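Trainee: Coordinates only, no sequence provided:
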């Protein structure tokens, strides 16, 4: 079950990774200035990314999709929004006294919660105490839980695909570099080969930059979904019993 302490650990881990990335970039820049300061020009960030080729376009789209999913999940996958306890307690009180209209009214005030969808699925039946109502509520609970897991599974897909795309870009870049080297003079072969490999590695680095934050976010949201799933199972069982009780 995810708590505030575990969330702090995930945030601290992400912060440490970003700090290490910044420090590594600083060291790399210092070494580059000392060793290749004689170069006529240095590539900008945009030029470096552009050197990765067409694969960088796909990796860029994955990064945009990953950020969008993370922002959406941060806003949507919360206990207070999907399974608020105050709503559960309010609905249970009304169901115990057979106040079907009052229970519906309470659910209409929180249309985005899973509890509301479960209760309304049962109360919208002609006879809310029959087996069909219980089955309808169980189906709604199952669908909502499945949707949550499906939503975060997209992050898992990004984690798997981004490094593979980076590796693909590296392989394609090295193939191009080795094809170009034989066409040049002996004095330029080493320089061109080193430059080609350097450019090819840009895609691998970019794929990892996209995949690592997505993996951290997926681990966090997986805990959130598991917590919400457990609460849904407990609440739905109590709600079904209350509705079926004569």
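Mentor: Cool, the structure landed. The model shown is predicted, which means the values in this text are computed figures rather than measured ones.

Trainee: What's the biggest helix in the protein, counting residues?
Mentor: Using DSSP state H to define each element, the chain has its longest helix at helix 186-244.

Trainee: just the helices in this structure please.
Mentor: In the chain, the segments counted as helices under DSSP H are 4-35, 45-50, 55-76, 79-82, 85-96, 100-108, 114-123, 131-180, 186-244.

Trainee: Tell me which of these sits most buried.
Mentor: Neighbour counts (mean count of other CB atoms under 10 Å) averaged over each of the helices of the chain peak at helix 114-123, with a mean of 23. (Each C-beta comes from the backbone N, C-alpha and C, glycine too.)

Trainee: Not counting that helix itself, show me its contacts.
Mentor: 82-84, 87-88, 91, 95, 100, 103-104, 107-108, 110, 128, 133-134, 136-137, 139-141, 144, 228, 232, 235-236, 239-240, 243 (CB atoms under 8 Å, 6 or more residues apart in numbering).

Trainee: do stretch 221-230 as well
Mentor: With contact meaning CB under 8 Å, 6+ apart, stretch 221-230 is reached by 1-2, 6, 73, 77-79, 82-83, 114, 145, 148-149, 152, 155.

Trainee: farthest pair in the residues you listed?
Mentor: 6 and 114 (22.3 Å; CB to CB).

Trainee: can I see the domain layout of the chain?
Mentor: Structural domains annotated on the chain: 1-32, 53-244, as defined by automatic domain parsing.

Trainee: helices and strands of this protein: which one bottoms out on pLDDT?
Mentor: Least confident element among the helices and strands of the chain, by mean pLDDT, DSSP states H and E: helix 4-35 (a mean of 45).

Trainee: wait, doesn't residue 65 sit right on residue 158?
Mentor: Yes - contact between residue 65 and residue 158 holds when scored by CB atoms under 8 Å: they sit 6.7 Å apart.

Trainee: so how far is residue 91 from residue 120?
Mentor: 10 Å (CB to CB, to the nearest Å).

Trainee: which neighbours do these two share?
Mentor: residue 107.

Trainee: tell me the mean pLDDT over stretch 237-246?
Mentor: Across stretch 237-246, pLDDT averages out at 80.

Trainee: how far away is residue 82 from residue 229?
Mentor: With distances defined as CB to CB, the gap from residue 82 to residue 229 amounts to 10 Å.

Trainee: do residue 84 as well
Mentor: The span separating residue 84 from residue 229 equals 16 Å under the rule CB to CB.

Trainee: Report pLDDT for the residue nearest to residue 90 when sequence neighbours are not counted.
Mentor: In this structure, residue 90 finds its nearest non-sequential neighbour in residue 106, 5.1 Å apart by CB to CB, 6 or more residues apart in numbering. At residue 106 the predicted local confidence, pLDDT, stands at 91.
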